[in-house]
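Participant: kindly generate the corresponding structure for this input.
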Amino acid sequence: QVQLVESGGGLVQAGGSLRLSCAASRRTFSSYAMGWFRQAPGKEREFVAAMSWNGGNTIYADSVKGRFTISRDNAKNTLYLQMNSLKPEDTAVYYCAADRSKRYYPPSSRDLYDYWGQGTQVTVSS
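Facilitator: Prediction:
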């Protein structure tokens, strides 16, 4: 079992930036693929970005490609999501998730993730 705690959310104007963090409770974090998902009110949870366990592969949703960057620091057991050029449609609760399998490519399907954080709210005003 691993606990994931997100932080860094908040209220920002359109065009602004935020950096989300996800702290993991165990050193086994370094062997997990990690992903970010988001859920807006009345919508399903959707994939945002993911990174393989060794950082060698990353994937992004088309809606955030070129604006968001996922990264990880295995020495700190922490995952990050740098969000630039934020838009009102990026408003959502953002969740980090961990996948225990050592897949070559990190998954974009939420069904393949084993552990989830509690989420952090990101609100982008127009």
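
Participant: please make it C-alpha for all contacts and neighbour counts, starting now.
Facilitator: Will do.

Participant: now do the contacts for I59.
Facilitator: Residues near I59 by Cα atoms under 8 Å, 6 or more residues apart in numbering: A49, A50, M51, P106, S108.

Participant: pLDDT (mean, whole number) over the helix or strand harbouring it?
Facilitator: If you go by DSSP states H and E, I59 is part of strand 58-60. What strand 58-60 shows for mean pLDDT is 97.

Participant: by pLDDT, give me the weakest of the contacts of I59.
Facilitator: For those, the weakest pLDDT value sits at P106, with 93.

Participant: let's have the contacts of I59 in JSON lines, adding secondary structure and neighbour count.
Facilitator: Output for the contacts of I59, formatted as JSON lines (DSSP: H, G, I helix; E, B strand; the rest coil; neighbours: other Cα atoms under 10 Å):
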{"residue": "A49", "secondary structure": "strand", "neighbour count": "26"}
{"residue": "A50", "secondary structure": "strand", "neighbour count": "29"}
{"residue": "M51", "secondary structure": "strand", "neighbour count": "26"}
{"residue": "P106", "secondary structure": "coil", "neighbour count": "26"}
{"residue": "S108", "secondary structure": "coil", "neighbour count": "21"}
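
Participant: where do the strands sit along the protein?
Facilitator: Listed in chain order, the strands of the chain (DSSP state E) span residues 4-7, 10-13, 18-24, 33-39, 46-51, 58-60, 68-73, 78-83, 92-99, 115-116, 120-125.

Participant: so which residue is dead centre in this protein?
Facilitator: Among the residues of the chain, W36 comes closest to the average C-alpha position under Cα atoms, centre = their mean, at 2.2 Å.

Participant: what's the burial count for the residue lying closest to that one once chain neighbours are set aside?
Facilitator: Using Cα to Cα, 6 or more residues apart in numbering and skipping the chain neighbours, the partner closest in space to W36 is C96 (4.5 Å). Using other Cα atoms under 10 Å, C96 has 30 neighbouring residues.

Participant: distance check, C96 against G10.
Facilitator: Shown here: C96 relative to G10, a distance of 16 Å by Cα to Cα, to the nearest Å.
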